[in-house]
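**Student:** just coords:
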């Protein structure tokens, strides 16, 4: 007997049921065609003009956040499950941009825009980058496991735009990932700061610290061995906590010499241990059987999103997880660590595994960390 049909799109499946199925042990079916790598935007394609005085450098922003760096479109500043890149971007421009006010579709393979129409009434100055997804790309490989990955990918892309904005200098980025809408799933409004912005406090869990976008390429598994120094791991955890704005819990699984689970220290110092024993072999099984994870130097874990979460909370939690892991990745790279995001998790009920009630504290996303040095340590999960 065949199982339920695979997820086709955000309006064609109940998200609560889709997430429950994605978390189960059911394997995905055979691969299907992924379709075009870029949405077929109508009309002619135009290059993004150079920014003039007092304008946002939209060309640099897109090249450092969303544009592909190879002909296949697989290599981009934001990671994506299976390098399938389902996230599509539309730009709504007001004043202070090199593009005339309007709505544009962005082609990341050709680094071009397509004019789609006028801006909505009352469009503010600057640019709003709206992110939605073409589910078919991710469904083609991951089948019923696709929906949480689509949300995580969107969060990563949103963070990539915010990091690129921070690298441009004085640029204010205000992200939105409230989970209330299925499309666009997330957005970020970017403006050059005015006098009223100078004394304005930062958005909670909003714009990242300056530092610019990292060179984007996930490390191979063999580079992810070697335990990160405690101060580096503490900085990565602190970044994740700030970026998630209270939506998620955060832990890290560490190995020798004292294997266990650690939590962020409230004062930002070295993480505090709260469980003993090596969790990495179990994580390797839960992460779709990725055996190399048992040898990772450390595994940053985002957890929460209980089984009774509604659709808005599911969207919000997964978007925040992708966003926070992307910023944590940037912090890790600034500390010289090798990194690799891990998005697919099955039966990963961390709370129940630690003796808590089942269905309350699921692993949502993770980031494997290492020093890039081989330790000679080997395990079989």
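**Tutor:** Perfect, I can see it now. The shown structure was predicted, so the numbers you read here are calculated from the model rather than taken from an experiment. Numbers count the residues shown, from 1 in each chain.
**Student:** residues of the longest helix anywhere in the chain that come out buried?
**Tutor:** With secondary structure taken from DSSP state H, the chain has its longest helix at helix 311-334. Residues of helix 311-334 classed as buried: 311, 313-334 (neighbour count, 16 or more other Cβ atoms under 10 Å). Every C-beta, even on glycine, is put in place using the N, C-alpha and C of the backbone.
**Student:** please apply the same query to stretch 296-307.
**Tutor:** Quick answer for stretch 296-307 (16+ other Cβ under 10 Å): 296, 297, 298, 299, 300, 301, 302, 303, 304, 305, 306.
**Student:** next, count neighbours for residue 24.
**Tutor:** When neighbours are defined as other Cβ atoms under 10 Å, residue 24 has 12 of them.
**Student:** kindly report the same for residue 193.
**Tutor:** Neighbours of residue 193 (other Cβ under 10 Å): 12.
**Student:** how about the strands of the stretch 51-200 of the chain, start to end?
**Tutor:** Using DSSP state E, counting those that start in this stretch, the strands of the stretch 51-200 of the chain run over 87-93, 102-107, 112-117, 127-133, 172-176, 186-191.
**Student:** which helix or strand contains the nearest residue to residue 290 once chain neighbours are set aside?
**Tutor:** Leaving out its chain neighbours, the residue that sits closest to residue 290 by Cβ to Cβ, 6 or more residues apart in numbering is residue 284, at 5.8 Å. Element membership for residue 284, per DSSP states H and E: helix 280-286.
**Student:** return the list of helices and strands in contact with that helix.
**Tutor:** The helices and strands touching helix 280-286, judged by 3 or more Cβ pairs under 8 Å, 6 or more residues apart in numbering; DSSP states H and E, are strand 298-304, strand 362-370.
**Student:** the first one pairs with which strands, parallel or anti?
**Tutor:** Using DSSP bridges, the strands paired with strand 298-304 in its sheet are strand 249-254 (antiparallel), strand 362-370 (antiparallel).
**Student:** who touches that strand?
**Tutor:** 227-228, 233, 236-237, 240, 244, 247-255, 279-280, 283, 293, 317, 321, 324-325, 328, 342, 350-351, 361-370 (Cβ atoms under 8 Å, 6 or more residues apart in numbering).
**Student:** need the buried ones from these selected in PyMOL.
**Tutor:** Here is the PyMOL command that selects the buried residues among the contacts of strand 298-304 (16+ other Cβ under 10 Å):
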select buried, resi 227+228+233+236+237+240+244+247+248+249+250+251+252+253+254+255+279+280+283+293+317+321+324+325+328+342+350+351+361+362+363+364+365+366+367+368+369+370
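**Student:** tell me what residue 130 is bridged to.
**Tutor:** Residues in beta-bridge contact with residue 130 (DSSP bridges): residue 90, residue 187.
**Student:** residue 358 versus that one, what's the distance?
**Tutor:** Using Cβ to Cβ, to the nearest Å, residue 130 is found at 37 Å from residue 358.
**Student:** neighbour count for these two, which is higher?
**Tutor:** Using other Cβ under 10 Å, the more surrounded residue of residue 130 and residue 358 is residue 130, with 19 against 12.
**Student:** surely the more buried one meets residue 104?
**Tutor:** No: in this structure, residue 130 is not within contact of residue 104 by Cβ atoms under 8 Å, at 10.4 Å.
**Student:** need the overlap of contacts for those two.
**Tutor:** 90, 91, 92.
**Student:** tabulate the buried residues of stretch 296-307 (CSV), appending distance to residue 116 and pLDDT.
**Tutor:** Shown next, in CSV, are the buried residues of stretch 296-307 (distance: Cβ to Cβ, whole Å; pLDDT from 0 to 100):
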residue, distance to residue 116, pLDDT
296, 43, 97
297, 46, 97
298, 44, 98
299, 42, 98
300, 38, 98
301, 40, 98
302, 34, 98
303, 39, 98
304, 36, 98
305, 34, 98
306, 39, 98
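**Student:** quick one, what contacts the closest residue to residue 95 other than its chain neighbours?
**Tutor:** Of all residues not flanking residue 95 in the chain, residue 125 sits nearest, at 4.3 Å (Cβ to Cβ, 6+ apart). Shown in contact with residue 125 (Cβ under 8 Å, 6+ apart): 94, 95, 96, 191.
**Student:** just flag the most distant two among the residues you listed.
**Tutor:** 95 and 191 (9.7 Å; Cβ to Cβ).
**Student:** contacting residues around the residue nearest to residue 306 when sequence neighbours are not counted?
**Tutor:** Closest residue to residue 306 apart from its sequence neighbours, by Cβ to Cβ, 6+ apart: residue 360 at 4.7 Å. Residues near residue 360 by Cβ under 8 Å, 6+ apart: 306, 307, 351, 352.
**Student:** so residue 360, which state does it fall into?
**Tutor:** coil (DSSP: H, G, I helix; E, B strand; the rest coil).
**Student:** against residue 308, how distant is it?
**Tutor:** From residue 360 to residue 308 the distance is 9 Å (Cβ to Cβ).
**Student:** again, but for residue 63
**Tutor:** For residue 63, the distance to residue 308 - Cβ to Cβ - is 42 Å.
**Student:** now do residue 220
**Tutor:** 38 Å.
**Student:** also residue 115?
**Tutor:** 44 Å.
**Student:** who has more neighbours out of these two?
**Tutor:** Comparing residue 115 with residue 308 by other Cβ under 10 Å, the one with more neighbours is residue 115, at 17 against 9.
**Student:** residue contacts, the more buried one?
**Tutor:** Going by Cβ under 8 Å, 6+ apart, residue 115 touches 43, 46, 102, 103, 104.
**Student:** what's around the residue nearest to residue 290, how many residues?
**Tutor:** Neighbour count of residue 284, defined by other Cβ under 10 Å: 22.
**Student:** touching stretch 50-68 from outside, list them.
**Tutor:** 47-49, 74-78, 85, 87, 89, 91, 93, 96-99, 106, 108-109, 111, 126-127, 157, 160-161, 163-165, 167-168, 171, 190-192, 212-213.
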